[in-house]
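Give me the fold of what follows.
(chains A, B, C and D, ligands or ions: 4)
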Amino acid sequence: MATITMREALRQAMEEEMRRDEDVLLFGEEVAQYNGAYKVTQGLLDTFGEKRVFDTPISEEGFTGMGIGAAMAGLRPIVEWMTFNFSLMAMDQVYNNAAKNLYMSGGQMKNPIVFRGPNGPAEYLASQHSQALQSIFAHVPGLKVVAASTPYDAKGLLKSSIRDDNPVIFMEAEMMYSWKGEVPEDEYLVPIGKADVKRAGSDVTLICYSKPTRMVLQAAEELAKEGIEAEVVDLRTIRPLDEQAIYDSVRKTNRCVVVDESWPFASVGSHIGWLVSRNCFDYLDAPVELVSGEDVPMPYNHTLELAAQPSVDKVVKAAKSVLYV
Amino acid sequence: MATITMREALRQAMEEEMRRDEDVLLFGEEVAQYNGAYKVTQGLLDTFGEKRVFDTPISEEGFTGMGIGAAMAGLRPIVEWMTFNFSLMAMDQVYNNAAKNLYMSGGQMKNPIVFRGPNGPAEYLASQHSQALQSIFAHVPGLKVVAASTPYDAKGLLKSSIRDDNPVIFMEAEMMYSWKGEVPEDEYLVPIGKADVKRAGSDVTLICYSKPTRMVLQAAEELAKEGIEAEVVDLRTIRPLDEQAIYDSVRKTNRCVVVDESWPFASVGSHIGWLVSRNCFDYLDAPVELVSGEDVPMPYNHTLELAAQPSVDKVVKAAKSVLYV
Amino acid sequence: MAKMKLVEKYGKKKNMELLRQVLLIRRFEERAAQAYGLRKIGGFCHLYIGEEAVAGGAITALDMARDYVVAAYRDHGHALAAGMDPNGVMAELYGKAGGCSKGKGGSMHMFDREKHMFGGNGIVGGQIPVATGVGLKIKYKEEDGVVLAFFGDGAIHQGSFHESMNLAKIYNLPVVYICENNHYGMGTDFRRVSSVHDFSQMADAYGIEGRQINGMDPLVVYDEVSQVLERVRKDSTPMFLEMLTYRYKGHSMSDPAKYRTKDELQEYKDQDPVTILQKQMTGAEQLSEKEFEKLDKEIRDICDAAVQFAEESPEPELSALYEDVLVE
Amino acid sequence: MAKMKLVEKYGKKKNMELLRQVLLIRRFEERAAQAYGLRKIGGFCHLYIGEEAVAGGAITALDMARDYVVAAYRDHGHALAAGMDPNGVMAELYGKAGGCSKGKGGSMHMFDREKHMFGGNGIVGGQIPVATGVGLKIKYKEEDGVVLAFFGDGAIHQGSFHESMNLAKIYNLPVVYICENNHYGMGTDFRRVSSVHDFSQMADAYGIEGRQINGMDPLVVYDEVSQVLERVRKDSTPMFLEMLTYRYKGHSMSDPAKYRTKDELQEYKDQDPVTILQKQMTGAEQLSEKEFEKLDKEIRDICDAAVQFAEESPEPELSALYEDVLVE
Ligand SMILES: Cc1ncc(C[n+]2csc(CCOP(=O)(O)OP(=O)(O)O)c2C)c(N)n1
Ligand SMILES: Cc1ncc(C[n+]2csc(CCOP(=O)(O)OP(=O)(O)O)c2C)c(N)n1
Ligand SMILES: [Mg+2]
Ligand SMILES: [Mg+2]
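Numbers count the residues shown, from 1 in each chain, chains lettered A, B, ... in the order given. Ligands and ions are numbered 1, 2, ... in the order given. Take a look at the predicted model:
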């Protein structure tokens, strides 16, 4: 097993899939000559040439729709949104075309396309550049939404996403790109729709995905020091959601905290909070707690910015509160 | 009290507020010369002239942002989106400007603007024209989201929305425009953020808002025939949410069903489901049920279209299930 | 040297083909209107009557084996011209299981993957980037097809038009952007919301050649598009065409169209696409009264059969509600 | 008759004002770069060095009592030129409570309601419709102000530009759309993603007059914008200006700018806006070496003071996190 960064894992996934299938192409802002604003597409232009890896103007609505049309016609585009904040410019294309083409055409028009890029807050980027937008994508039937937390999962899931015949929203995070992890030399896939228990425990279930997972694992260590064994369930895929994995854990621990970077109202986090409350009703010894981003736009000031996000402290507190300690 | 349609109530609200404050203006597609695609703005051009009531090209992103800029500079625009489906074209302006200007400017840049139009399914309109998009607006801090269910509430709330210094998303419904109800001759306001108990009952709480409310009241009558007294809480405002009114009712009935037209995942409905589960944990005798739109794009075929939406039957069934009868 | 009359240039066979196209659209839409009146069809139903020369003329110039059509929601004519089965189109309007989209799409969402009809899009301007992407596929696969991207005068002010035109030009995509200027976007005369009134000049902003074309005359449309196609196939470059046309009916079935004068409507009916072509062919002794009657009868039968097919086609199963959300 | 030299046309007083503007921006940005190096400032910090003539020249032509400025995220220069307090701008970069946006906006979100500086927008193209709306307010209130809407060469391919230009034209809004063409959108040479290379011609698509201007020369910018303003105030009509300029630094502090040649950079440094104006004034005997030193000293002191103010300004209270979400 080699230890590589999330950035490299994602790059490998794209490179391998582009070698495997010549209908896979990659475009977006700065992905080619600049090797990606966050260098995730490093070297892919050199490897595959400008026919398969090219830069776009700053026209999110246009090139998002262009990707969808190309996918309908038989290609398998990987479209990079420099960050998900800018996907808001292309929301109509995602909601009204990518997610609905198959249904509106009675099953004729599949669109195998991956939209990927960094999502959620980074550092010092203020309100418009720090949004965790998973909830508004996960809301929509017709899409798959994937958000990995380790290089291993990221590589295996991105490969599966590129091979998937459905539109996949693949959410990364700027802060995760330099995270390291072990990844096998041999090819492997991680299936979409399967959660992963990142830490086993019997006292409380901590549900998370994407960037917060690492912080949640730290929180679990903190709790362990106090003799509390937390089970950490990393969803890996938000839609379709692996409900069984969630319920199996909660029915064992009888307590649950959901951690989600996005705003709380009508979020992935509160949705899971309801699902668990409903489907583990007879098992829960305490209400399901949600540790989310604060319900405010993201401030620039770093102290406030950190205070606006889930933290080890907040998770530990929430875990203790559902344990009534 | 005069009995008028929802359409007329909305028109009156706009007319009264435009008379009251000459900084209030109205624009959107077909609102002026055509008197509105759904005739909600009937006669307003004749009354106020083309300076204050005018038509726009089909440029949702452009005229939405134009409204925001005008509001920042001191006007109080009412912007009609012909339907909320098209607001997806303008999502960036709503998320990144309307909702964040005040915060990003440290409190300097308020934007008093109302975005209104029909939301949710009507009839035979298929996937792209039948979306209930409240969840993606309610998700965002910096916005208020209002969705009335009667002419009385609609008029009073639209007047309050126009006077509000914050951006207000005001959601109507095509099917509701012809609904009739009593509205006083004298001026009145309905405050934003206050729910209304539309029917008192002690056995189960039915939470709803906007168009489904009428159907939920019918369901309550059905239940009454079987001796089940349902309390119907009409939220009227989705953000800010009147949590107290919800909890007061559920703590009395100990059972709760949430009815929401939108897709279930990360929705207003499932969010309330979590809030109630968490904050009424010790009061609930059954899990909170959610009757939502089915998790599919809306089909054109009418039978399927009806099957995709909440119905009296579904609500009755859900109410009985939380009553274990 | 005098330019040869188009009716002669293309000859009886091709002209009959064109006539069949525009007449089929005309009769089909008339039947759709009837069915709507009988409440067999619901919701939005945007008829193409008056505009037949545009889709009929342009799409007849295509080779649907390699070319593609992407349209807006006023798409029945495009679907038929692209060779879609009238039975499936009518059944779709009826929302029946036998519809081209299994009754799940309806009037605004005509699709036929095999026939290269890629919708049918209900969002004004939403199809323009999609069509651009189909062009990208052609370029990527080094095929010699062309995409016709149809949209209305109302759609030209959407950002999607601006972004797509620039994308198509910088990547040299074989897409012909066709603005069907029927003078109104719903109740709005385009002159009220358009800063320029000759849209063809808007193409200059993208270094794309733009032409304004008489969209009432099937032969003119066919001829212009044929030339443009040659050019696009050769150079793989986008083009822009503004087709001046007119819709006889309201925007949709529910629109009384009070915003325009009888005279204006008459002015266009006087250049009716079906009649024009019929007259041109009769004048060139390519079409007798009897031949026209025969063709018309044939087409009416096709439309009757389509209605009957739609009537008899079953309702979709309730299970269909949950199908086609995702590819398994 | 020979056109009078601009430096003489405007005279010492005005030229000194211009020089002060561009020099203030230059020195301020140099200090911001230093502070960033010392990690006093974080995140994106887009410097305006090299482009001072554009905001400096254009905004100096405004009357900020009635006119407005709306900019993109590379907005420090616009904020200063609009008359915002350098202390508040620097403190905002520091994220301090004394910042113009209380430390909640940062580099990309400079606002000053009183001074008519309406941001500072981090979304490429997002400010263009907003600026159009400020123009609508002026028109509606029958004022005689003008809005300068600044955006980059990268923003011109956003749909928001297309939609805004058409809106401004059909409603005759007093908005001057200024494309700051510094030749790159991040690492992308505009020629790689733009179907036309003279943006001023894009205005024709909206019946708007467009001009291409040397954006390196403060006096040229000031002169052109002054003329345009007269025109706009008189006719209340939108205008479009492409300013050819260049940024000396990377896109943001983290960009090594490997995508361009030293020669290209040098070519523009040779027309440095500060030096050009200084030379022009010296040549016209309006500025001595000593006067320049004095001015520079003054400005450096202002920037030092701004840094000190920012250093000393307190961190926002934690409670500020929940404030300004909604107006109570
Ligand atoms: C983005 C969007 N905005 C508004 C609408 C509502 N709408 C449907 S058709 C139409 C007019 C379109 O006119 P045009 O593009 O000229 O096409 P035509 O109907 O004349 O063929 C409008 C405003 C829509 N479907 N999509
Ligand atoms: C909608 C959107 N897409 C992408 C970005 C990321 N981004 C920030 S600046 C930039 C380049 C903009 O270039 P230009 O408009 O020329 O302005 P300049 O930086 O040259 O002043 C990009 C792509 C963004 N902020 N917003
Ligand atoms: Mg039209
Ligand atoms: Mg630039």
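
Would you agree residue C:139 is in contact with residue C:173?
Yes - using CB atoms under 8 Å, residue C:139 is in contact with residue C:173, at 5.6 Å. Quick note: C-beta positions are derived from backbone N, CA and C, even for glycine.

Give me the common contacts of the two.
residue C:236 (CB atoms under 8 Å, 6 or more residues apart in numbering or on different chains).

Among these two, which residue is more densely surrounded?
Neighbour count, other CB atoms under 10 Å in any protein chain shown: between residue C:139 and residue C:173, residue C:173 has more, with 26 against 19.

The more buried one: helix or strand, and which one exactly?
Using DSSP states H and E, residue C:173 sits in no helix or strand.

Read off the pLDDT value for it.
Looking at residue C:173, its pLDDT stands at 98.

go on, the one 10 residues further on?
On pLDDT, residue C:183 comes in at 98.

Please state the backbone phi and psi of it?
Dihedral pair for residue C:183: phi 80, psi -10, per degrees, to the nearest 10.

List the contacts of it.
C:153, C:189-190, C:244, C:246.

ranges for the helices of the stretch 201-328 of chain C?
With DSSP state H, counting those that start in this stretch as the criterion, the stretch 201-328 of chain C has helices at C:218-235, C:262-269, C:273-283, C:289-312.

other SSEs contacting the third one?
Other helices and strands packing on helix C:273-283, by 3 or more CB pairs under 8 Å, 6 or more residues apart in numbering or on different chains; DSSP states H and E, are helix C:6-37, helix C:52-60, helix C:218-235, helix C:289-312.

close enough to count as contact, residue C:94 and residue C:312?
No - contact criterion CB under 8 Å: residue C:94 and residue C:312 do not qualify, at 10.0 Å.

Compare these two (neighbour count), which wins?
A count of neighbours by other CB under 10 Å puts residue C:94 above the other of residue C:94 and residue C:312, at 27 against 12.

Find the nearest non-adjacent residue to the more buried one, please.
residue C:310 (4.1 Å; CB to CB, 6 or more residues apart in numbering or on different chains).

Please work out how many residues are found near the residue in the stretch 151-300 of chain A that chain C sits nearest to.
Closest approach between the stretch 151-300 of chain A and chain C, counting by CB to the nearest CB: residue A:165, at 4.1 Å. By other CB under 10 Å, the residues close to residue A:165 number 15.

And the helices and strands packed on helix C:273-283: which comes nearest ligand 4?
Among those, the nearest to ligand 4 by CB to the ion is helix C:218-235 (30.1 Å).

What angle do helix C:52-60 and the closest one make with each other?
30 degrees (axes from the mean of the first three to the mean of the last three CA atoms, to 10 degrees).

Show the secondary-structure elements that helix C:218-235 is packed against.
Using 3+ CB pairs under 8 Å, 6+ apart, helix C:218-235 is in contact with helix C:6-37, helix C:52-60, strand C:175-181, strand C:209-214, strand C:239-244, helix C:273-283.

Report the buried residues of it.
C:218-226, C:228-229, C:231-233 (16 or more other CB atoms under 10 Å in any protein chain shown).

Then stretch A:10-20?
A:10-18.

now, which of the residues you listed lie within helices?
A:10-18 (DSSP state H).

Reformat those as a markdown table; add distance to residue A:109.
Listed next are these as a markdown table, based on distance: CB to CB, whole Å:
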| residue | distance to residue A:109 |
| --- | --- |
| A:10 | 28 |
| A:11 | 30 |
| A:12 | 31 |
| A:13 | 26 |
| A:14 | 25 |
| A:15 | 29 |
| A:16 | 27 |
| A:17 | 22 |
| A:18 | 24 |
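
Can you add pLDDT and give these back as TSV?
Output for those, formatted as TSV (pLDDT from 0 to 100):
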residue	pLDDT
A:10	98
A:11	98
A:12	98
A:13	98
A:14	99
A:15	98
A:16	98
A:17	99
A:18	98
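
Looking at the residues you listed, spot the one nearest ligand 1.
residue A:14 (33.0 Å; CB to the nearest ligand atom).

was I right about the closest one contacting residue A:162?
Yes - using CB under 8 Å, residue A:14 makes contact with residue A:162 at a distance of 7.4 Å.

overlap in contacts of those two?
A:24, A:78.

Could you find which two of the contacts of residue C:183 are furthest from each other?
Spatial extent of those (CB to CB) is set by the pair C:189 and C:244 at 13.6 Å.
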